[in-house]
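Engineer: when you get a sec, could you give me coordinates for this:
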Amino acid sequence: MYLFTKSDVKTILVPVVNLIFSRDARSFDQNFQSVFGVVATTEVSLHRKIYMVFWVWIHLLQFCVSNQASSIDEDATNKPWRPLPASRITPEGAHRLRWILLPLCVGLSISQGISRVGIILSLGIWINNDLGFDRHWFTRNLCSALGYWAFNHGATSILCAGKTHFTHDEHSVNDIKLHQLGHHCQIGRHVLVAEMFSSLIVLTTIQAQDFQDIEGDRVMERHTLPILLPTISRNAMLLLLIAWSIGLGQMAQLQGLRYALFTFSGIAVGYRFVAIIAVLSFAKLFYRLNRAKRRQYPGPTPWPVIGNIFPTTRIWEAFANLRPTYGDTFSLTIAGTPIIVLNSAEMGRELLENRSAKYWKRPLPKMIELAGMERGVVFQPDATRLRKSRALIHNAINPRSIPHIRNVLDQHIHMFLHHVLASPEEFMDHLHNTITAIMLLLSHGYTVSGPNDLFLKMAKETVQNFARASDISQFAVEWIPFLSWVPFMPFKSLAKSWLNQYTMLVDDGLKMVNAAMDRGNASYSLLAEAIQTKDKDVDIVDIAKFAAAEVFTDDYSNAEEQTISTMNSFILAMVLHPDVQHRAHAELDATIGCGNFPTYEDQQNLPFINAILKETLRRYTPIPLVHRKPSTDDTVHDFFIAKDTMVLVNFWGMLNDPSTYPDPASFRPERWTCDDTTSIDPLKVVFGFGRRLCPGRLLAEDLLFMMISSTLALFEISPPTNEAGQHVYPTGEYSDGGMIAPLPFKCTFKVRSKELAATVSALG
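Structural biologist: Residues are numbered from 1 along each chain as shown. Predicted coordinates for the structure are as follows:
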């Protein structure tokens, strides 16, 4: 039992008992016998004093057992000698002990007439430990202050037999007397105020204990002040202790040497925290100075504190515009974050392929973390789970499954054309529904019933949520991380709603596949294949259910949205460049004949269609930027890159480099039909590099080629006309953010082949 309370004897039991028993309180001003509500106890019997100590200890034991039963991992790091990590008691035994102590503590309090104090203390223990109030610094400090008040007030009341009433002596309005059962306990007139001040001191300084528990608190994912604001919280401790020492000394009317010693003790304790800062700061400065001697990448000079300033929109273009001044690779600082920008595919391959062991990790956006979306593939921080997730996707898209997958693509592409034929003005919605339906069939074996299908809607919304959560430019918390610990921030409720929907998609998807397998009619899918896989090393089903949910995403961003963006960009390009479309029609008619849909075998005979796909990806790069961070310090071509530096891979800059692509702002598919070996194939850039190369890239290439060629085979795409019969061309404006796409625009779809139109119409 003692080992449960060992750490808190000196922080709770001894201070409370010492303050209550202090006989030297009278050395203070008589009107303020103690800053902490000290009671002159000369008339209190010994057995009552012993009972008071027992009452404090048994309630302390209740708190410690409850707290330690919910933080075994923390104690294994910070205090391995405690009963639970030392295996002196099992977690089940600790939980039983905790619930045995609860009625015992409440009963003891009721027997002493302090039922309210006992209930408040037990309720506070439950709120602090079971409701997770100890995870955030503010609620943690608040519960500690309330608990200290309850210990102090309960112990004082027990010494006076629990039932008190207050009277004013007619000769001294400054005295308050407590009477009960023949005992007469006189306390200072400011006892209630003193109890309040003792709680305020705890409220503002209890974080001092958290400095020695930082590693354990990290394990428990607690948000204590020493973790969130280490330097500020240490400096604040010095200021708070000085302020309390001066203020309480004044209230106690200390004079001369006593006041000096009292104040000095507060300064000495506070200085201990600042001294640690000085040592750490010196070490950090020494490390930075030593590191600064190494060769750094050039870059614009940052402003003090705020760093470099860039436009908040289309920042990838601003990065590309710095290439002539600072080269393909340069350094920046934004809001204190060191950044290396890569504008060349050569450097992208050097870091992400040749040095993939150092650069495979992605910085985790705070909104992704809050929404629980890091458990799949894209932001997976665990190397083993990432490897298993990618292996599952590779296994699902293997040569054995290619005929099935291509059949799925053909069916859905023709259904897309059918919907466009029926309601061409809604082509963007039809495209979105089609791509999502394909992903659901491949990931879960689920066949969408129609545009109002509930699982389809859930998947679409989850994909959109993922895109927003992964966009670090949308939320201030991505650049000011401590905002995530501030209560009642609007983005928190948004992230919670995303978490609920993401979890529902993951869990419902697994239940759906399990039910289909039990019935014996499960379709081929990633999740069904994983469930049948025998892997005793890891929980393969748990990994698979998240990987299946993120078939909608690739290792860089949102695969579904990326495909939709590319197709919408293709349609926009055909509207804006009719000459390109006419040349594509001519190639199709000459190769496969008018009135036929292309097949996968036709791809090698349709070079201009392939060129349109490549140029669409180059000119309208759907994912302009991706992020990485090195796991260790690195030196590349004699330049130094520090650990945890944000490495921004500028795909847009790579694919719009004038030295590689002449006239990059023009949409020119013909640049891919000549034997130019200097141009970089966009298909080898947009799907990434290294360990995070998109595992579904071949499927994506098949899908994009077939959708583009089939759409061109059936339709001629044109701008709409106004009342005067003149073409009204779209503006070609794009959205901004981590994923870019054309803003909604209008166009017309004219049937080129009645035979093909009849074929897709029959699908309805």
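
Engineer: what residues of the host helix or strand of residue 516 count as buried?
Structural biologist: Here residue 516, judged by DSSP states H and E, is contained in helix 490-519. Within helix 490-519, the residues scored as buried using 16 or more other Cβ atoms under 10 Å are 491-492, 494-495, 498-499, 501-503, 505-506, 508-510, 512-513, 516. Glycine gets a C-beta too; all of them are placed from N, C-alpha and C.

Engineer: go on, stretch 240-254?
Structural biologist: 240, 241, 242, 244, 245, 248, 249, 251, 252, 254.

Engineer: also stretch 449-466?
Structural biologist: For stretch 449-466, a neighbour-count test (16+ other Cβ under 10 Å) marks 453, 455, 456, 458, 459, 460, 462, 463, 464, 465, 466 as buried.

Engineer: closest one to residue 731 out of these, please.
Structural biologist: residue 464 (23.2 Å; Cβ to Cβ).

Engineer: shouldn't the closest one be within a helix?
Structural biologist: Yes - Residue 464: assigned to a helix according to DSSP: H, G, I helix; E, B strand; the rest coil.

Engineer: residues in contact with the spatially closest residue to it that is not a sequence neighbour?
Structural biologist: Excluding the flanking residues, the one nearest residue 464 by Cβ to Cβ, 6 or more residues apart in numbering is residue 561, at 7.6 Å. Residues in contact with residue 561 (Cβ atoms under 8 Å, 6 or more residues apart in numbering) are 463, 464, 467, 622, 739, 741.

Engineer: give the closest residue to residue 720 in space, chain neighbours not counted.
Structural biologist: Nearest residue to residue 720, sequence neighbours excluded (Cβ to Cβ, 6+ apart): residue 746, at 4.9 Å.

Engineer: shouldn't that neighbour be within a strand?
Structural biologist: No - assigned with three-state DSSP, residue 746 falls outside any strand and is coil.

Engineer: quick check, residue 547 in contact with residue 375.
Structural biologist: No - using Cβ atoms under 8 Å, residue 547 makes no contact with residue 375, being 9.4 Å away.

Engineer: so between these two, which is more surrounded?
Structural biologist: Higher neighbour count among residue 547 and residue 375: residue 547, with 30 against 22, using other Cβ atoms under 10 Å.

Engineer: the residue positioned nearest the centre of the chain and residue 475, how far apart?
Structural biologist: Central residue of the chain (Cα atoms, centre = their mean): residue 369, 1.8 Å from the mean position. Residue 369 sits 12 Å away from residue 475, taking Cβ to Cβ, to the nearest Å as the criterion.

Engineer: again with residue 501
Structural biologist: 18 Å.

Engineer: what of residue 737?
Structural biologist: Distance from residue 737 to residue 475, counting by Cβ to Cβ: 11 Å.

Engineer: neighbour count winner among the two?
Structural biologist: residue 475 (22 against 18).

Engineer: what residues are up against the more buried one?
Structural biologist: 366, 367, 491.

Engineer: next one: residue 218
Structural biologist: residue 227.

Engineer: tell me which helix or strand comes right after the host helix or strand of it.
Structural biologist: Using DSSP H and E, residue 218 sits in helix 214-219. Next helix or strand after helix 214-219 toward the C-terminus (DSSP H and E): helix 225-228.

Engineer: show me what that next one is packed up against.
Structural biologist: If you count contacts as 3 or more Cβ pairs under 8 Å, 6 or more residues apart in numbering; DSSP states H and E, helix 225-228 packs onto helix 214-219, helix 230-251.

Engineer: who touches it?
Structural biologist: 137, 207, 210, 211, 214, 217, 218, 232, 233, 234, 482, 485.

Engineer: and if we set it to 10 Å?
Structural biologist: Residues external to helix 225-228 that are found in contact with it (Cβ atoms under 10 Å, 6 or more residues apart in numbering): 136-138, 140-141, 206-215, 217-218, 221-222, 232-234, 236-237, 273, 481-482, 484-486.

Engineer: starting at the chain centroid, how far to it?
Structural biologist: Centre-to-centre, helix 225-228 and its host chain are 18 Å apart (Cα atoms, centre = their mean, to the nearest Å).

Engineer: before we move on, what about stretch 449-467?
Structural biologist: On Cα atoms, centre = their mean, the centre of stretch 449-467 falls 22 Å from the chain's centre.

Engineer: report the rounded mean pLDDT for that stretch.
Structural biologist: Averaged across stretch 449-467, the pLDDT comes to 87.

Engineer: go on, stretch 550-561?
Structural biologist: For stretch 550-561, the mean pLDDT works out to 59.

Engineer: ends of that stretch, how far apart?
Structural biologist: 12 Å (Cα to Cα, to the nearest Å).

Engineer: apart from its neighbours in sequence, what residue is nearest residue 459?
Structural biologist: Sequence neighbours aside, residue 436 is the residue nearest to residue 459 in space, at 5.4 Å (criterion: Cβ to Cβ, 6+ apart).

Engineer: next up, the contacts around the residue nearest to residue 549 when sequence neighbours are not counted.
Structural biologist: Nearest residue to residue 549, sequence neighbours excluded (Cβ to Cβ, 6+ apart): residue 506, at 4.8 Å. Going by Cβ under 10 Å, 6+ apart, residue 506 touches 372, 373, 375, 376, 462, 542, 545, 546, 547, 548, 549, 550.

Engineer: please apply the same query to residue 382.
Structural biologist: 374, 375, 388, 389, 543.

Engineer: so the first one sits in a helix?
Structural biologist: Yep, that's residue 374 we're talking about. Yes - the assignment for residue 374 by three-state DSSP puts it in a helix.
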